[in-house]
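Peer 1: Predicted model and sequence below, questions to follow.
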2 protein chains.
Amino acid sequence: MVSRGRRSTPQRVIVAEALAAARRALSAQELHERINAGHPTLGLATVYRALEAQVQDGMASRFERDGHVSAYVACDATHHHHLVCTRCQRVEDLDETVVAPLLSSVGRTHDFQVDHAALDFYGLCGSCRKRAR
Amino acid sequence: MVSRGRRSTPQRVIVAEALAAARRALSAQELHERINAGHPTLGLATVYRALEAQVQDGMASRFERDGHVSAYVACDATHHHHLVCTRCQRVEDLDETVVAPLLSSVGRTHDFQVDHAALDFYGLCGSCRKRAR
DNA sequence: GTGGTTGCAAAGGTTTTGCATGTGC
DNA sequence: GCACATGCAAAACCTTTGCAACCAC
């Protein structure tokens, strides 16, 4: 899945690790801030470029946060859809077996060739839900 | 569902009608261009403000187009999810009965209180699919 | 050595905001 | 009349790009 001609550089590793360590959705800027704590010279543009590369390679996915900002999460090849907690921004993988029936029924009931789908749920995760009450 | 204190103005009606007439996803700028053909003084900022109001009131929904641009579609209260053709930008409503099982199984299989979901499918509609071959 | 990558700053484009004026209700 | 809405332009904002230096392979 990795694009041909893509190189492994220290910066890309740092970005990938920082995103994976976060275990939640971060905007490029938020990730950049975290990284800068330990790597002050790593530029914001590099973060954007690394994130874009990760998305293309299926190692991260991007979705829209309120306010027209992109947020990114690390993901593996088998989980592409997420439950995003709107309070703590923590992200859980959605069980893909739950999604599969939907994908096939969309193909059956509509004359539409699905290329990709945005299937992201927003709400409160277990812990935030308890805390909210 | 309409927010308290929201007024009906000629401009909002124009924006709502233009969006409904389009029957496809439009960015704020595209909508502004179309509107300006007949209403040259209606400003872009007003279009943004009207669209935002419509989204809040459930009369339109917003999603992300490639290149970090928001696109908007008119929608009614019962259809909130869409099939978006990435070629002609035409939007079909997704049959909600197809979606309902997914929503309930997410609630069952994950400890997560779903507030709202982004369920949008991107691909080729029937006509574009034929044309593509 | 070659071609992808980085860092910086500057540019680009979208969206928001300030403010004086206008207008539903 | 009051609060909200509009229009214009400026500002803010996120994101991309240009370019010289750099470095992985």
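Peer 2: Here it is on my side, so go on.

Peer 1: I'd like to check the angle between the longest strand belonging to chain A and strand B:112-125, please.
Peer 2: Across chain A, the longest stretch assigned as strand under DSSP state E is strand A:112-125. Orientation check (axes from the mean of the first three to the mean of the last three Cα atoms, to 10 degrees): strand A:112-125 against strand B:112-125 gives 160 degrees.

Peer 1: Could I get the buried residue list for strand A:112-125?
Peer 2: Buried residues in strand A:112-125, counted by 16 or more other Cβ atoms under 10 Å in any protein chain shown: A:Phe112, A:Gln113, A:Ala117, A:Ala118, A:Leu119, A:Asp120, A:Phe121, A:Tyr122, A:Gly123, A:Leu124, A:Cys125. Backbone N, C-alpha and C define where each C-beta goes, glycine included.

Peer 1: same check, this time on stretch A:100-112
Peer 2: A:Leu102, A:Ser105, A:Val106, A:His110, A:Phe112.

Peer 1: can I get those residues in TSV with secondary structure, distance to A:Arg49 and pLDDT?
Peer 2: Listed next are these as TSV, based on DSSP: H, G, I helix; E, B strand; the rest coil; distance: Cβ to Cβ, whole Å; pLDDT from 0 to 100:
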residue	secondary structure	distance to A:Arg49	pLDDT
A:Leu102	helix	33	81
A:Ser105	helix	38	80
A:Val106	helix	34	80
A:His110	coil	37	84
A:Phe112	strand	33	86
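
Peer 1: what about A:Arg6, which SS state?
Peer 2: Using DSSP: H, G, I helix; E, B strand; the rest coil, the structure places A:Arg6 in coil.

Peer 1: roughly how far apart are it and A:Leu51?
Peer 2: As judged by Cβ to Cβ, to the nearest Å, A:Arg6 and A:Leu51 stand 13 Å apart.

Peer 1: what's the answer for A:Phe63, then?
Peer 2: Distance of A:Phe63 to A:Leu51, given as Cβ to Cβ: 12 Å.

Peer 1: How about A:Arg23?
Peer 2: 16 Å.

Peer 1: Show me what the worst-scoring helix or strand of chain A on mean pLDDT is packed against.
Peer 2: Sorted by mean pLDDT, DSSP states H and E, the helices and strands of chain A end with helix A:96-109, the least confident at a mean of 79. When contacts are defined as 3 or more Cβ pairs under 8 Å, 6 or more residues apart in numbering or on different chains; DSSP states H and E, helix A:96-109 sits against strand A:112-125, helix B:96-109.

Peer 1: Please state the offset of it from the chain centre?
Peer 2: Put simply, helix A:96-109 sits 22 Å off its chain's centre (Cα atoms, centre = their mean, to the nearest Å).

Peer 1: Send me it as CSV with only the CA atoms.
Peer 2: Extracted C-alpha coordinates of helix A:96-109, given in CSV (Å, rounded to 0.1, in the frame of the first residue of the first chain):
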residue,chain,number,x,y,z
GLU,A,96,-16.0,-3.4,10.7
THR,A,97,-18.3,-6.4,10.8
VAL,A,98,-21.0,-4.0,11.9
VAL,A,99,-20.4,-1.8,8.8
ALA,A,100,-20.2,-4.5,6.2
PRO,A,101,-23.9,-5.2,5.9
LEU,A,102,-24.6,-1.5,5.3
LEU,A,103,-22.0,-1.3,2.5
SER,A,104,-23.6,-4.2,0.7
SER,A,105,-27.1,-3.0,1.1
VAL,A,106,-26.3,0.4,-0.3
GLY,A,107,-25.0,-1.3,-3.4
ARG,A,108,-28.1,-3.3,-3.6
THR,A,109,-30.7,-0.6,-3.0
